[in-house]
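Q: Make a model of this:
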Amino acid sequence: MARTPRWEPAYCEFFNARQRSFMRTAYAMLGNWTAAEDATQQTFTALYAKWPGISPDRIEAYARRVLVNTCIGIYRQRSREILRGELPERGVREEHDERLALLAALTQLTARDRAVLALRFLDDLPVAEVAAILDVPEGTVKSQTSRALGRLQSVLYLSHKEMTS
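A: Model (predicted):
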């Protein structure tokens, strides 16, 4: 019978603590729960294989970096989807409509823009940590965040304008 590696309980603890957060981040980047599940699974599989060689103080950054790279890879593989269809049924809460509009707008941004926004605002990570995850200078994170927010605002404005016309 195979023995469990001595580091596996720490990996399982990390997995249990981070799985939902990683799923949210992947969903924000990919806009699709199935793709988010795939990205999260690929991330934790890669993390399991490398776990013994990762410094304990770098595990979080390493795992998030793998997640972002995995999401970018999946995003590039998929053809760009344009969300279309009918308006939600009457009686749907306004908050739900706003979330759908935000999700539709996010799908029109680049994978890198979505990564920066998801890490900064969904995961609430500081600039320094996002810079470490994406392996870019902090100034780049700040400028990418600013540009991504500007693009998101433009997309949302145009979407709102189309809906009210």
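
Q: For this protein, give me the ranges with low pLDDT.
A: 1, 79-97, 160, 163, 165 (pLDDT under 70).

Q: State which helix of it is the longest.
A: Taking DSSP state H as the criterion, the chain has its longest helix at helix 138-164.

Q: which helices and strands does that helix pack with?
A: For helix 138-164, the packing partners by 3 or more C-beta pairs under 8 Å, 6 or more residues apart in numbering; DSSP states H and E come out as helix 94-106, helix 111-117, helix 127-134. (Each C-beta comes from the backbone N, C-alpha and C, glycine too.)

Q: got the buried residues for that helix?
A: Using 16 or more other C-beta atoms under 10 Å as the test for burial, helix 138-164 gives 141, 144-145, 148-149, 151-152, 155-156.

Q: now that helix, how far from the centre of its chain.
A: 16 Å (C-alpha atoms, centre = their mean, to the nearest Å).

Q: and the angle from it to helix 127-134?
A: 90 degrees (axes from the mean of the first three to the mean of the last three C-alpha atoms, to 10 degrees).

Q: quick revisit: what is the most widely separated pair among the buried residues of helix 138-164?
A: Greatest spatial distance among the buried residues of helix 138-164 (C-beta to C-beta): Val141 and Leu156, at 21.9 Å.

Q: still on that earlier bit, quick check, nearest of the buried residues of helix 138-164 to Arg120?
A: Thr145 (5.5 Å).

Q: quick one: contacts for Leu102?
A: Contacts for Leu102 (C-beta atoms under 8 Å, 6 or more residues apart in numbering) come out as Leu156.

Q: ok, now how distant is Glu37 from Glu129?
A: 24 Å (C-beta to C-beta, to the nearest Å).

Q: more crowded one of those two?
A: Just comparing Glu37 and Glu129: by other C-beta atoms under 10 Å the higher neighbour count belongs to Glu129, 18 against 14.

Q: Setting aside sequence neighbours, what's the nearest residue to Leu125?
A: Sequence neighbours aside, Leu119 is the residue nearest to Leu125 in space, at 5.0 Å (criterion: C-beta to C-beta, 6 or more residues apart in numbering).

Q: The one you found contacts Ile133, correct?
A: Yes. Leu119 is within contact range of Ile133, at 6.3 Å (criterion: C-beta atoms under 8 Å).

Q: Return every residue with contacts to both of the two.
A: Residues touching both Leu119 and Ile133 (C-beta under 8 Å, 6+ apart): 64, 68, 125.
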